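*Asks:* dropping a prediction and its sequence here:
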Number of protein chains: 4
Amino acid sequence: MQKLKVSIIGSTGYAGKELVKILIHHKEVELVHLVSSSCAGKNMAEIFPDFLNKLDKKLVSYNLDIVSQDSDMVFTALPHTVSMEITPALLEKGVKVVDLSADYRIKDSAVYQEWYKKELNQMSKELLLEAVYGLPEIYLDKIKNASLVANPGCYPTSVILGIAPLLKYHFVEPDGIIIDSKSGTSGAGRKLSSSLQFAECNENFKAYNIIKHNHIPEIEQELSSIYFNENNHKQKQQETEIKVSFTPHLLPINRGILSTCYLDLRGSKKEEEVLEIYQKYYQKAPFVRIFNPPNFPEIKFVTGTNYCDIGFGIDKRVGKIKVISVIDNLLKGAAGQAVQNMNIMSGFPETCGLV
Amino acid sequence: MQKLKVSIIGSTGYAGKELVKILIHHKEVELVHLVSSSCAGKNMAEIFPDFLNKLDKKLVSYNLDIVSQDSDMVFTALPHTVSMEITPALLEKGVKVVDLSADYRIKDSAVYQEWYKKELNQMSKELLLEAVYGLPEIYLDKIKNASLVANPGCYPTSVILGIAPLLKYHFVEPDGIIIDSKSGTSGAGRKLSSSLQFAECNENFKAYNIIKHNHIPEIEQELSSIYFNENNHKQKQQETEIKVSFTPHLLPINRGILSTCYLDLRGSKKEEEVLEIYQKYYQKAPFVRIFNPPNFPEIKFVTGTNYCDIGFGIDKRVGKIKVISVIDNLLKGAAGQAVQNMNIMSGFPETCGLV
Amino acid sequence: MQKLKVSIIGSTGYAGKELVKILIHHKEVELVHLVSSSCAGKNMAEIFPDFLNKLDKKLVSYNLDIVSQDSDMVFTALPHTVSMEITPALLEKGVKVVDLSADYRIKDSAVYQEWYKKELNQMSKELLLEAVYGLPEIYLDKIKNASLVANPGCYPTSVILGIAPLLKYHFVEPDGIIIDSKSGTSGAGRKLSSSLQFAECNENFKAYNIIKHNHIPEIEQELSSIYFNENNHKQKQQETEIKVSFTPHLLPINRGILSTCYLDLRGSKKEEEVLEIYQKYYQKAPFVRIFNPPNFPEIKFVTGTNYCDIGFGIDKRVGKIKVISVIDNLLKGAAGQAVQNMNIMSGFPETCGLV
Amino acid sequence: MQKLKVSIIGSTGYAGKELVKILIHHKEVELVHLVSSSCAGKNMAEIFPDFLNKLDKKLVSYNLDIVSQDSDMVFTALPHTVSMEITPALLEKGVKVVDLSADYRIKDSAVYQEWYKKELNQMSKELLLEAVYGLPEIYLDKIKNASLVANPGCYPTSVILGIAPLLKYHFVEPDGIIIDSKSGTSGAGRKLSSSLQFAECNENFKAYNIIKHNHIPEIEQELSSIYFNENNHKQKQQETEIKVSFTPHLLPINRGILSTCYLDLRGSKKEEEVLEIYQKYYQKAPFVRIFNPPNFPEIKFVTGTNYCDIGFGIDKRVGKIKVISVIDNLLKGAAGQAVQNMNIMSGFPETCGLV
């Protein structure tokens, strides 16, 4: 059987590198072009010696015609606002795209502009109608038929998966949700930054983007959609939308996100009832693992995997439920989820290459 | 002038060791007895070679008569429920005590029993009336005249200092307070534990004691007292008390706590107004540093110091205020604060030996 | 085709756990019994939640009859001197054994006794004649036909692979070899130790067992054998043997060994000549990667893999060659190499399950 | 008594920052100008919030006239080859200088040029005659009267102090010395570097500058001088000089150096004899601590201090002595030693401000 021909644009960022690592062992995939603007001409193993003996492939500059002609599917692992310059033309050429940037995640382009401080170009605005938010545990059927999948952000993946069942079944109030998230440093990408130098991060811990982080609109859009049971993302009146309080923190570790979520429980639900809705909601989700109370996941349980592990507990004293959700930010939070989406779009088993 | 004669019981735990480190440079203090049940007979520098050339002193077994006769003040750096066996007799002998355990922090002995799963002995129950909660920024005057100071827990110190002004001036609702705290591993003490082995903590992050942590009653007692403006800790009716949702997490660093607190802001307060009450509340507090918005503290700013650094920001979208507070858990969260209390009890400058 | 039935004795140590992780994805293997004396009766995923959804298998107590009847091959991942109590009986029952302890690595039982401070039992002494030292890059043919493979130590693997070609081709003096090795903490195993608590290792670095480490006789035995071109390990006169100066150090990382080796170069060899003998020596070794000067490997290049990466440079000023060799101590230094040996003993492709 | 007026040029590098931290508590010193080309105009506490409440001082641009007029002593904490542009003029103005760069450490300007790839300017060449190598344990008397002290490099400090007594008393062969050093990342300074980003260093370990590191000539110059008992640094014939094999490595910690040194012992010296010469050599050195065999120092024993801790052991099997020496690279390896030199030059107690 013929393999799926895949190219990656942005192959030397952290997410791009993880994509390459996964795909060289994916039995249904042939890696065609590895595009890197900064390292074109060099071999992947020159940049990352861990690829020695595993992959002998030169990085190339981007050429739309060549990439689109040779590829069935393209992963765009580019910074926000860069992807929108490239993605529309690829789709026009008939290539399917999984976009790891934020450019097609926000259904309301005005909201995108408000949080990302840049306007989407016209073609990209039109693409919002057909782009599918690539969270397979929620949008499995839509992803199957999608040409453009907007791969979710790392924080949103951990948060939405963590509390979706509670909102879906209206076990909690939609107001007053608090999300306290902690991420390893690879979440910030490979670009140089003084605040990411070893001696700055090590033996340190801090919050950042404390009042405004651009993953907030993505989280709110999806939580609102789940709670209000919308079948399609139409523009809603502001007053009906869920708003969350979200604070990201920087952990002195390489990989992993842990999100601690606090919600107001409705009525006097018991832990068994909560467990039941989680198990029901995720019964067909191969990458979500629900922990039985009083057990909770730790980051190391998912490091290097595509799992999202979820635990919860009811704090009766204050009438709240606490949910703890962990992922590997580079896998379920980026490259792993992107391959999961590719598998679904291509009719491969959802877990292919990921376990 | 004669120096204050000081002994330490529990000299080889993390807090005890920090006490020794501070006191060997404290110009008003003469270290008399270093008590350690596990290491009696050995020199401090045999256990901790960093004391070589700095301190030539043998650790001794505990003897009430010798310790009380030779000491003006004793630090008890012992586990919960061990201190209560030792402290009453020391006080009876006329020695002042700064107790670093939890045994004298909770004014209501029934609450202590509920959370610590052990009953206070009768003498200790009686001591609760005279024990002063040793948070100098709040109880300065009481500490001056105290014979027994209950040195606060590390998490409570970071939390209470972080949000006291908001509660004092009723800028926030007393309900629905969320506290998400993260601590370095030294907070767990020096006792062996498989969950504290390097390969378990490193490259990992987790929450623990997620529903019940025994620092909660201490936090709630003090926040309630501040909000309801009580002059003395009398037993209150349960319905009037503040209850918080508190989650501690374990950071892969040696020292430091960062607490992220979420509170509902009353009315439409501006950041300048908030800044003003913080500055007013802490105007005489030499170890509290308030950050001007939009700046926030990081753990490394306070590592190795007795400072508590506090930053805040208003999240208008959801009507909440976020407060971030950092301390070194072994200093402002334990030994540093204990010496600060000793200074106040002894009429020394509050910062002596601590800057 | 029928799968190889494999059991593991000592499944919950670090090496045992890695064996399980590898073998659940090994397409030629059926995992039969997971033996653990300390955790019998529990499910593997209860001890290590990272196995959730991956492996549903109970740990069992050791029973010779059951294990030997049900297994074609057994991995003994036990402490030194424990393995010798179990291994002879397994072999007698016709089961092949890969032993991860040190018990069958040292050909001269008097040397074993001197360094390990315990005498081998009689049956084990006899087994020394048939035990094969399981370094596939050197003993490939012997391993193919072995019933008992003594899986090499982690430090010896990094050192022997690092400098074998230099000794084989007599490019260096056999005297005065210095080996300065650094290992992550998982090398010390999962047993509780105060020196392995997070707050002791983190932000620290130290040498240990500085004058005598029990990996020395293993290193010297193999280097001597290579240099003196022995076909079999006969007892040699002491004066002809290679002796090395070896110092292990403890790195504040979870996994990985880097060995820096210093040898006196004979004659005026050039780097190209050295490169040539390394490439020749390892031309059929799928897990050794030789770096072209002036490149050198780092630990992270091999973390999570079964590779041994080697780089070298000639320091003309002093007539020495420096060799740097890195492995993942739990894979090429333990479980990965054990599976590599199993593959060779069973006629599977050498890399099966390992890439 | 009037305080010594001190300025620092290069106040925001890691060494400069440590100088400020030490000097604000030094009772004999008044900090006059904090020069920083990159941050002039900002307050020190804006750059480093840990100085809040401790130091309220603006950083300024460099002005020779102002600095030299207002200062008795200047620390130049500048990169190699930058210091030589500034130091001669300061000395001409009558200011004493402790230079933390390498520019005045190498007595033979041709050697400097060979290793640093830049020529010293003429005035600096002339200054080599009067510059004193600032290792107080060896050059105490010269430092007392020096106007220009060349503060030693971090690696050389650990190495020279570690093995000086062995060379001085000819207990070892001068040939074949191997030095394997490991340093925390702060040794590389505050400049941005992709190889120093957290995700590159963390969970990693590597050697660097493996064949040529520019601390080698400094180490060899001093070891030769000690061994050949030279009173002054005259140019020697190459064949009589000590040459070492030196390899630096990068540890995933913030601070600290550990050097493992291997030397050939002459005759059949016993450990007590070695201990005796170490104790004799360092009897007046307040910052050197010799460990009794079989004890060895660890990096954490000296973190945050100006100590150099030294341990040794004789490996009779191979006739070698192993010496392990640890320092805090930013203190005894830079700022602490610089203040120690200042104390000596100014007639203050050698330990003032450093314990």
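*Replies:* Yes, it's here. Residues are numbered from 1 along each chain as shown, chains lettered A, B, ... in the order given.
*Asks:* ranges for the helices of chain A?
*Replies:* For chain A, applying DSSP state H gives helices covering A:14-23, A:44-47, A:64-70, A:87-92, A:109-116, A:122-127, A:136-144, A:154-168, A:198-201, A:216-227, A:271-281, A:335-346.
*Asks:* now those as CSV including mean pLDDT?
*Replies:* Below are those laid out as CSV (pLDDT from 0 to 100):
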stretch, mean pLDDT
helix A:14-23, 97
helix A:44-47, 96
helix A:64-70, 98
helix A:87-92, 97
helix A:109-116, 95
helix A:122-127, 96
helix A:136-144, 98
helix A:154-168, 98
helix A:198-201, 96
helix A:216-227, 97
helix A:271-281, 98
helix A:335-346, 98
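*Asks:* want to throw those into a markdown table with distance to residue B:60 and mean neighbour count?
*Replies:* C-betas here are computed from N, CA, C, even on glycine. Shown next, in a markdown table, are these (distance: least, Cβ to Cβ, whole Å; neighbours: other Cβ atoms under 10 Å in any protein chain shown):
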| stretch | distance to residue B:60 | mean neighbour count |
| --- | --- | --- |
| helix A:14-23 | 55 | 23 |
| helix A:44-47 | 61 | 18 |
| helix A:64-70 | 76 | 15 |
| helix A:87-92 | 73 | 19 |
| helix A:109-116 | 63 | 16 |
| helix A:122-127 | 75 | 16 |
| helix A:136-144 | 62 | 18 |
| helix A:154-168 | 52 | 26 |
| helix A:198-201 | 41 | 25 |
| helix A:216-227 | 58 | 23 |
| helix A:271-281 | 50 | 16 |
| helix A:335-346 | 58 | 26 |
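*Asks:* the ones you listed: which one's closest to residue A:262?
*Replies:* Among the helices of chain A, the nearest to residue A:262 by Cβ to Cβ is helix A:154-168 (9.9 Å).
*Asks:* within range of chain B, give me the residues from the stretch 151-300 of chain A.
*Replies:* Within the stretch 151-300 of chain A, the positions lying close to chain B (Cβ under 8 Å from any Cβ of the partner chain) are A:176, A:178, A:180, A:182, A:200, A:202-207, A:210-211, A:243-245, A:247, A:249, A:251-256, A:258, A:260, A:262, A:294, A:296-300.
*Asks:* of those, which are in range of chain C?
*Replies:* Among these, proximity to chain C is found for A:203, A:297, A:298, A:300 (Cβ under 8 Å from any Cβ).
*Asks:* can you list the residues of the stretch 251-355 of chain A near chain D?
*Replies:* Within the stretch 251-355 of chain A, the positions adjacent to chain D are A:252, A:253, A:254 by Cβ under 8 Å from any Cβ.
*Asks:* outline the domain layout of chain A.
*Replies:* Using automatic domain parsing, the domain parsing of chain A gives A:4-151+A:334-346, A:155-327.
*Asks:* and the first one, end to end?
*Replies:* By Cα to Cα, to the nearest Å, the extent of domain A:4-151+A:334-346 from end to end equals 8 Å.
*Asks:* follow-up on the earlier one: nearest to residue B:344, of the residues of the stretch 251-355 of chain A next to chain D?
*Replies:* Nearest member of these to residue B:344, counting by Cβ to Cβ, is residue A:252, at 35.1 Å.
*Asks:* so what's the closest one up against?
*Replies:* A:185, A:201, A:202, A:203, A:204, A:205, B:251, B:252, B:253, D:198, D:202 (Cβ atoms under 8 Å, 6 or more residues apart in numbering or on different chains).
*Asks:* nearest to chain C among those?
*Replies:* Using Cβ to the nearest Cβ, residue A:203 is the member of these that sits closest to chain C, with 6.2 Å.
*Asks:* could you measure from that closest one over to residue B:249?
*Replies:* Using Cβ to Cβ, to the nearest Å, residue A:203 is found at 16 Å from residue B:249.
*Asks:* my guess is residue A:187 contacts residue A:154, does it?
*Replies:* Yes: counting by Cβ atoms under 8 Å, residue A:187 does reach residue A:154; the two are 5.6 Å apart.
*Asks:* now for those two: what residues contact both?
*Replies:* Residues touching both residue A:187 and residue A:154 (Cβ under 8 Å, 6+ apart): A:257, A:329, A:333.
*Asks:* among those, name the buried ones.
*Replies:* Among those, those buried by neighbour count (16 or more other Cβ atoms under 10 Å in any protein chain shown) are A:257, A:329, A:333.
*Asks:* once you drop chain neighbours, what's closest to the last one?
*Replies:* Read that as residue A:333. Nearest residue to residue A:333 in three dimensions, chain neighbours excluded: residue A:154, at 3.1 Å (Cβ to Cβ, 6 or more residues apart in numbering or on different chains).
*Asks:* how close does the one you found get to residue A:256?
*Replies:* Separation of residue A:154 from residue A:256 (Cβ to Cβ): 10 Å.
*Asks:* what sits in contact with each of the two?
*Replies:* Shared contacts of residue A:154 and residue A:256 (Cβ under 8 Å, 6+ apart): A:183, A:327, A:329.
*Asks:* residue B:14: which of those is nearest?
*Replies:* Lowest distance from residue B:14 to the shared contacts of residue A:154 and residue A:256 (Cβ to Cβ) belongs to residue A:183, with 28.2 Å.
*Asks:* in strands only, show me the shared contacts of residue A:187 and residue A:154.
*Replies:* The strands, defined by DSSP state E, take in residue A:257 from these.
*Asks:* CSV for the buried ones among the shared contacts of residue A:187 and residue A:154, including pLDDT?
*Replies:* Below are those laid out as CSV (pLDDT from 0 to 100):
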residue, pLDDT
A:257, 98
A:329, 98
A:333, 98
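*Asks:* what residues does the stretch 151-300 of chain A have near chain C?
*Replies:* So far as Cβ under 8 Å from any Cβ goes, the stretch 151-300 of chain A lies against chain C at A:203, A:286, A:289, A:291, A:295, A:297, A:298, A:300.
*Asks:* tell me the contacts of residue A:332?
*Replies:* A:157, A:158, A:287, A:302, A:305, A:306, A:307, A:308.
*Asks:* check contacts around the residue lying closest to residue A:57 once chain neighbours are set aside.
*Replies:* Excluding its sequence neighbours, the residue lying closest to residue A:57 (Cβ to Cβ, 6+ apart) is residue A:44, at 5.4 Å. With contacts defined as Cβ under 8 Å, 6+ apart, residue A:44 is in contact with A:11, A:12, A:20, A:34, A:51, A:55, A:57, A:58, A:59.
*Asks:* from chain B, how far out is residue A:44?
*Replies:* 25 Å (Cβ to the nearest Cβ, to the nearest Å).
*Asks:* cool, and residue A:280?
*Replies:* From residue A:280 over to chain B the distance is 23 Å, taken as Cβ to the nearest Cβ.
*Asks:* what do you get for residue A:64?
*Replies:* Applying Cβ to the nearest Cβ, the value for residue A:64 to chain B is 40 Å.
*Asks:* wait, what's in contact with that residue?
*Replies:* Neighbouring residues of residue A:64 by Cβ under 8 Å, 6+ apart: A:86, A:89, A:90, A:93.
*Asks:* I'd say the third one and residue A:66 touch.
*Replies:* This means residue A:90. No: judged on Cβ under 8 Å, residue A:90 makes no contact with residue A:66 at a distance of 11.7 Å.
*Asks:* nothing else from me, thank you.
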